[in-house]
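Visitor: build me a model:
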Amino acid sequence: MPSEKLIPHAVILTGGRGTRFWPRSRTRTPKQLLNIIGKDTMLEQTVARLRPLIPAERIWTVTNAEQAAAVCKQVPAASRRRVLIEPKGLNTAVAIGLAAIHVRQATGGDALLAVLPADHYIAQPQKYREIVSAALDVAREPGRMVVLGIPPIRPETGFGYIERMGESIATKGFPVFAVKRFTEKPALPFAVEYVASGKYHWNAGMFFWRVSTFLENLKSFLPKTHAALETLATLIGKRGYERQLRAMYQKLDSISVDYAVLEPATRTEGPPRVFVIPAEIGWSDIGSWAAVYELLATKSGENVLAGAGHALDAEGNFLWSPSKFVAAIGIRNLVVVETPDALLICPRDRAQDVGKIVKWFEEQKRKDLL
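Guide: Residues are numbered from 1 along each chain as shown. Model prediction:
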C-alpha cells in the first residue's frame, strides 16, 4: 500500500489504576475516567483533542474488564466498537500489539497509528494536533518510529528521558531529530546534567508508526509476543477469540514498549529508526494531587477548592470536597480530598506517597477501599 494512502488511527491506552489519586481513583474509576482537571474526564479530553484530526470511528481504546463499561460510556458512539478489553494488564508492548492486529484487521492492510495515554493534560491542543500531524507524516516512511519529547523544565527524576542527536530535519515546520538513546528515571545528578545539556526531552509516552513497522519490530525484539498475537489475529471476529485471548495473556511477559521495542531499536546498526519531535504543548502527566494543585493555582500560595469554602490565614492548600462547605484555618500546603467513604489528608510535598496507602489496602485486603 503506498504510504501516502495510509489512514491514521489512534490507540488510547486506558488501563492504568492511578493509585496516587486515591480516594477518588478506584479500580473501576481510575484517574483517566475522572474529571481531575475541568468538567470532562481525562479520557474525554484525550478523545476531544484528537477528533479534529482523527474521526471517532478510527479511535481505539485498550482497557480491562473492570473499566470497560465506564470507558464505553465515555467514548463517542462510533468508538465503542473499537474498545479492546484485555484479560489483565501486561504493560504497553502487548496492549499496543493487540491494538495493532485489530487495526490491521479492520483496515484490511497497513495503517498509521498514534499511540497515546488517556490521562495526560495538554494546555495547547491546537499545537498538539499540528505536532501529531507532523509525527504521523514522519511515521509514513516504513521502518520509522516517532516519539514526542517534552522539553524539560526541571531535573525530574520520575520521568524517562530521550537523548536526541545530530541535526534536525523539518516536517510541517517542526524539527525532527534522530534518537540516540532512552534513559529511565535517572538519579538527580544525571537529571541535572541532562537538562543543562539541552539535548534531552522527557518521554511522554506518545508514539507514532505504521502498523507494519510496529509488528516487524515486535517480531525482531519480542518474537514470542509477536507469534502469539499473530495466532490471535486469525481468530478476530470468530468464536475462539476470547478463549485464545485469555490463554495468551497467561503466558506473555509484562514489558513496556520502551524497553521491548524502542530502546533496542536505537541500538540497531544502520540508519536511524527512532525519531523525536520536541513538543512544547503545556504538557503534564498529572502524576499526583500536588500536580493538580500546580495546574489549577493561578498564583503562589493560592488555595484551590472544589466547592464552596473560606480560608482564614491559610495558603497553598488543595481542598477537594465539592458537596460540603470547607472552612480552612491556619493550615499550609495541604492536600485534603473527601469521598463518601474516605478522607485523604497529607502535605502537598508528600502527595506522591498516596500510592503507598493503596498498597497497604491491598496487603490488608481492604477491597472496599480499592
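Visitor: relative to the lowest-mean-pLDDT helix or strand in the chain, what are the paired strands and their orientations?
Guide: Least confident helix or strand, the chain: strand 161-171 with a mean of 88, by mean pLDDT, DSSP states H and E. Note on strand 161-171: by DSSP bridges, its sheet partners are strand 174-183 (antiparallel), strand 200-210 (antiparallel).
Visitor: can you tell me the element residue 361 falls in?
Guide: helix 354-363 (DSSP states H and E).
Visitor: burial count for residue 58?
Guide: Here the count is done by other CB atoms under 10 Å, and residue 58 has 22 residues near it. Where C-beta positions appear, they are placed from N, C-alpha and C, glycine not excepted.
Visitor: I'd say it and residue 7 touch.
Guide: Yes - using CB atoms under 8 Å, residue 58 is in contact with residue 7, at 7.0 Å.
Visitor: quick one: contacts for the residue nearest in space to the middle of the chain?
Guide: Among the residues of the chain, the one closest to the centroid is residue 117, at 2.2 Å (CA atoms, centre = their mean). Under the criterion of CB atoms under 8 Å, 6 or more residues apart in numbering, the neighbours of residue 117 are 12, 13, 32, 46, 204, 205, 206, 285.
Visitor: how about the first one, secondary structure?
Guide: Using DSSP: H, G, I helix; E, B strand; the rest coil, the structure places residue 12 in strand.
Visitor: what pairs with it across the strands?
Guide: Once the bridges are assigned, which here means DSSP bridges, residue 12 pairs with residue 61, residue 116.
Visitor: run a quick neighbour tally on it.
Guide: Residues near residue 12, counting by other CB under 10 Å: 26.
Visitor: where in the protein is pLDDT low?
Guide: 1-4 (pLDDT under 70).
Visitor: how is it divided into domains?
Guide: Domain assignment of the chain by automatic domain parsing yields the ranges 3-284, 289-369.
Visitor: most packed of those domains?
Guide: Mean neighbours per residue, mean count of other CB atoms under 10 Å, is largest over those for domain 3-284, with a mean of 18.
Visitor: circling back: need the contacts of residue 117 in CSV with distance to residue 132, can you?
Guide: Output for the contacts of residue 117, formatted as CSV (distance: CB to CB, whole Å):
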residue, distance to residue 132
12, 13
13, 15
32, 19
46, 12
204, 12
205, 14
206, 8
285, 17
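Visitor: sec struct for the closest residue in space to residue 315 that isn't next to it in sequence, please.
Guide: Counting by CB to CB, 6 or more residues apart in numbering, residue 315 lies nearest to residue 301, which is 4.0 Å off, once chain neighbours are set aside. What three-state DSSP gives for residue 301 is coil.
Visitor: hmm, residue 301 is touching residue 313, no?
Guide: No - using CB under 8 Å, residue 301 is not in contact with residue 313, being 11.6 Å away.
Visitor: figure out how far the biggest helix by length in the chain is from the centre of its chain.
Guide: The residue-count maximum for a helix in the chain (DSSP state H) belongs to helix 91-107. Helix 91-107 sits 16 Å away from the centroid of its parent chain (CA atoms, centre = their mean, to the nearest Å).
Visitor: remind me what it packs against, helices and strands.
Guide: strand 8-13, strand 59-64, strand 83-86, strand 112-117, helix 211-221, helix 223-233, helix 257 (3 or more CB pairs under 8 Å, 6 or more residues apart in numbering; DSSP states H and E).
Visitor: in the sheet, which strands lie alongside the helix or strand hosting residue 149, parallel or antiparallel?
Guide: Here residue 149 is covered by strand 145-150, with elements defined by DSSP H and E. Strand 145-150 has its sheet partners listed here by DSSP bridges as strand 200-210 (antiparallel), strand 274-278 (parallel).
Visitor: C-alpha coordinates for that strand, CSV please?
Guide: Taking C-alpha atoms only, strand 145-150 is exported to CSV below (Å, rounded to 0.1, in the frame of the first residue of the first chain):
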residue,chain,number,x,y,z
MET,A,145,9.1,5.2,14.8
VAL,A,146,8.4,8.6,16.3
VAL,A,147,8.1,9.8,19.9
LEU,A,148,7.1,13.2,21.2
GLY,A,149,9.6,14.7,23.6
ILE,A,150,8.6,17.2,26.2
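Visitor: circling back to that earlier point, please save the CA atoms from the longest helix of the chain in PDB.
Guide: Taking Å, rounded to 0.1, in the frame of the first residue of the first chain, the C-alpha atoms of helix 91-107 are listed here in PDB:
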ATOM      1  CA  ASN A  91       2.100  -3.300  30.200                       C
ATOM      2  CA  THR A  92       2.200  -1.300  26.900                       C
ATOM      3  CA  ALA A  93       4.000  -3.600  24.500                       C
ATOM      4  CA  VAL A  94       1.300  -6.200  24.500                       C
ATOM      5  CA  ALA A  95      -1.600  -3.700  24.600                       C
ATOM      6  CA  ILE A  96      -0.200  -1.800  21.600                       C
ATOM      7  CA  GLY A  97       0.300  -5.100  19.800                       C
ATOM      8  CA  LEU A  98      -3.300  -6.100  20.500                       C
ATOM      9  CA  ALA A  99      -4.500  -2.800  19.000                       C
ATOM     10  CA  ALA A 100      -2.200  -3.200  16.000                       C
ATOM     11  CA  ILE A 101      -3.600  -6.500  14.900                       C
ATOM     12  CA  HIS A 102      -7.100  -5.200  15.300                       C
ATOM     13  CA  VAL A 103      -6.400  -2.100  13.200                       C
ATOM     14  CA  ARG A 104      -4.800  -4.200  10.500                       C
ATOM     15  CA  GLN A 105      -7.900  -6.500  10.500                       C
ATOM     16  CA  ALA A 106     -10.300  -3.500  10.300                       C
ATOM     17  CA  THR A 107      -8.400  -1.800   7.500                       C
END
